[in-house]
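Colleague: Here is a sequence together with a model predicted from it:
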Amino acid sequence: MIDDEPHVRWILRGTLEALDYRVEEASDGRSGLDALVRFAPDVVLLDMTMPDLDGAEVVKRIRETGSRVPIVVSSGYHDTGMDKRLLREEIQGFLSKPYSTKELLASLDHAVDKER
């Protein structure tokens, strides 16, 4: 997961690990890109609004490498400028914050199934 909010990462880690997911986390876009090289995840949960590289830029850079890892983006804001920069075919899901555990799991499962 890539999110700049420590509290969000803490909650997501606890929730996902309690459900037997292995979780790697990054606190910003650059460290998230570095982590993708090291860990080869099954799915990426990515916050859209971050201070160094926003989610749209992270998605773009992931796809430029040729990676087809499923990406679920999340945001608590509706940013039309971001929407224009993010091509829907580049991601496999979107979660509007706040979201429930049920919505999170359904989105992650759908994203992984969609890429199989």
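Modeller: Everything's here; your move. All figures in this text were calculated on a predicted structure; none of them were measured in a lab. Numbering: from 1, shown residues only.
Colleague: Any regions of this protein where pLDDT drops low?
Modeller: Where the chain drops to pLDDT under 70, the residues are 78-85, 115-116.
Colleague: That one: strands as residue ranges?
Modeller: Using DSSP state E, the strands of the chain run over 44-47, 71-75, 93-96.
Colleague: Would you mind giving these as a markdown table with distance to residue 102 and mean neighbour count added?
Modeller: (C-beta placed from N, C-alpha, C; glycine too.) Output for the strands of the chain, formatted as a markdown table (distance: least, Cβ to Cβ, whole Å; neighbours: other Cβ atoms under 10 Å):
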| stretch | distance to residue 102 | mean neighbour count |
| --- | --- | --- |
| strand 44-47 | 15 | 25 |
| strand 71-75 | 14 | 22 |
| strand 93-96 | 11 | 18 |
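Colleague: Dump these into CSV; add distance to residue 13 as well.
Modeller: Converted to CSV, the strands of the chain look like this (distance: least, Cβ to Cβ, whole Å):
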stretch, distance to residue 13
strand 44-47, 11
strand 71-75, 15
strand 93-96, 16
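Colleague: Minimum distance to residue 33: which of those has it?
Modeller: With Cβ to Cβ as the measure, strand 44-47 is the member of the strands of the chain nearest residue 33 (10.2 Å).
Colleague: Report the beta-bridge partner residues of the closest residue in space to residue 8 that isn't next to it in sequence.
Modeller: When the adjacent residues along the chain are set aside, residue 8 lies closest to residue 47, with 7.3 Å between them (Cβ to Cβ, 6 or more residues apart in numbering). For residue 47, the beta-bridge partners are residue 74 (DSSP bridges).
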